[in-house]
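Sequence below, structure please.
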Amino acid sequence: MTLESAQRWLGIYFLTTTVLIGCYLLLSTQSLLPLDATSKGDCFKIIIPVFIGQLTIIFQWIANANNPIDKNVISPIPGWAIQLPPFLAILIVLLAGISLVMTKEPSNNATTSSETFKNAITFSVTILNATTVYLVPRLFPSGARLISGQVFNFSVPEGWTFEQAAHAISIAAQKPVKLNGFKSSQKSSPLHRGEYTGVTAKEALEKLKALSIDEFPDYSVDYSKDVYTIDIKNT
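Alright, predicted model coming up:
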């Protein structure tokens, strides 16, 4: 899964589910959601703030850089870890809602209560808090900020990969960054947290080596024809 497809999938997921769940809790009739107004309000307060928080991160990123420079950058997080937790979370909500509606049928012996439904909502949010909530900021990087001309304030969160940090700089500079001679393991090499102020894109790219957790080869950064090229130096 590419970074672009992961970003698009999560953006669509959180926007769609936030609107649909919010409307379901606020506007549904007793036949569709047999809960009193207080219980509906409680469920709304449990789940919607979490979804809105993720939307805020995503759309802040879109507002600053809505078109990735390199569409072939691979997501540093596997596809199953991105898609499965949100899918399971919404499945829990759907099953709880269906069970609650069926409970109100006279011929049905199910015993789902409003409290059980709220517990299911809480459980689904807990799943997201333990998984996807940690992934969204990493997949929507905001580590490089242009402050004037081509000068940046640049920060790298703990655990970013070399390729991901280079990609964040590429987005902020609105210039492509090419990695020449890098192995896959080097591109995915994790970085320590770091912060720099008043640096150019070239300087920021050069400073990534110092943040590498693992031993990292020397490289040079060249800017030519509106492209930043990072070349591994021969040893």
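
who's in contact with the residue nearest the centre of the chain?
The centre of the chain sits closest to Val136, judged by C-alpha atoms, centre = their mean, with a distance of 1.8 Å. Going by C-beta atoms under 8 Å, 6 or more residues apart in numbering, Val136 touches Leu10, Gln54, Ile57, Ile58. (Each C-beta comes from the backbone N, C-alpha and C, glycine too.)

now do Gly181
By C-beta under 8 Å, 6+ apart, Gly181 lies in contact with Asp231, Ile232.

separation between the residue nearest to the centre of the chain and Ala6?
Using C-beta to C-beta, to the nearest Å, Val136 is found at 10 Å from Ala6.

Thr17 too?
From Thr17 over to Ala6 (counting by C-beta to C-beta), the distance is 16 Å.

Next: Ile92.
Separation of Ile92 from Ala6 (C-beta to C-beta): 22 Å.

Looking at the two, which one has more neighbours?
When neighbours are counted by other C-beta atoms under 10 Å, Ala6 comes out ahead of the other of Ile92 and Ala6, with 23 against 17.

Count the neighbours of the residue nearest to the more buried one when sequence neighbours are not counted for me.
Excluding the flanking residues, the one nearest Ala6 by C-beta to C-beta, 6 or more residues apart in numbering is Ser75, at 4.4 Å. Other residues lying near Ser75 total 20 when counted by other C-beta under 10 Å.

for Ser75, phi and psi?
Per-residue torsions, Ser75: phi -60, psi 140 (degrees, to the nearest 10).

Does anything pack onto the top helix by length along the chain? Which helices or strands?
Ranked by number of residues, the top helix in the chain under DSSP state H is helix 37-64. For helix 37-64, the packing partners by 3 or more C-beta pairs under 8 Å, 6 or more residues apart in numbering; DSSP states H and E come out as helix 3-27, helix 114-130, helix 132-139.

Lys207: which of these is closest?
helix 132-139 (19.7 Å; C-beta to C-beta).

Output the closest one as CSV, restricted to C-alpha atoms.
What follows is helix 132-139, C-alpha atoms only, in CSV (Å, rounded to 0.1, in the frame of the first residue of the first chain):
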residue,chain,number,x,y,z
THR,A,132,-5.5,4.0,14.4
VAL,A,133,-5.3,7.1,16.6
TYR,A,134,-1.5,6.5,16.7
LEU,A,135,-1.2,5.9,13.0
VAL,A,136,-3.0,9.0,11.7
PRO,A,137,-0.4,11.6,12.7
ARG,A,138,2.3,9.4,11.3
LEU,A,139,0.6,8.9,7.9
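
From the chain's centre, how far out is that helix? Work that out for me.
Relative to its chain's centre, helix 132-139 lies at 4 Å (C-alpha atoms, centre = their mean, to the nearest Å).

That helix: which residues count as buried?
For helix 132-139, the neighbour count (16 or more other C-beta atoms under 10 Å) marks Thr132, Val133, Leu135, Val136, Leu139 as buried.

Buried residues in the longest helix of the chain, which are they?
Going by neighbour count (16+ other C-beta under 10 Å), the buried part of helix 37-64 is 39-40, 42-44, 46-48, 50-51, 54-55, 57-58, 61.

Could you do stretch 189-206 as well?
Ser189, Leu191, Gly194, Val199, Thr200, Ala201, Lys202, Glu203, Ala204, Leu205.

just to revisit the earlier point, Asn180: which of the helices and strands packed on helix 37-64 is closest?
For the helices and strands packed on helix 37-64, proximity to Asn180 was assessed by C-beta to C-beta; helix 3-27 is nearest, at 19.5 Å.

According to the record, where do the domains of the protein fall?
3-139, 144-232 (automatic domain parsing).
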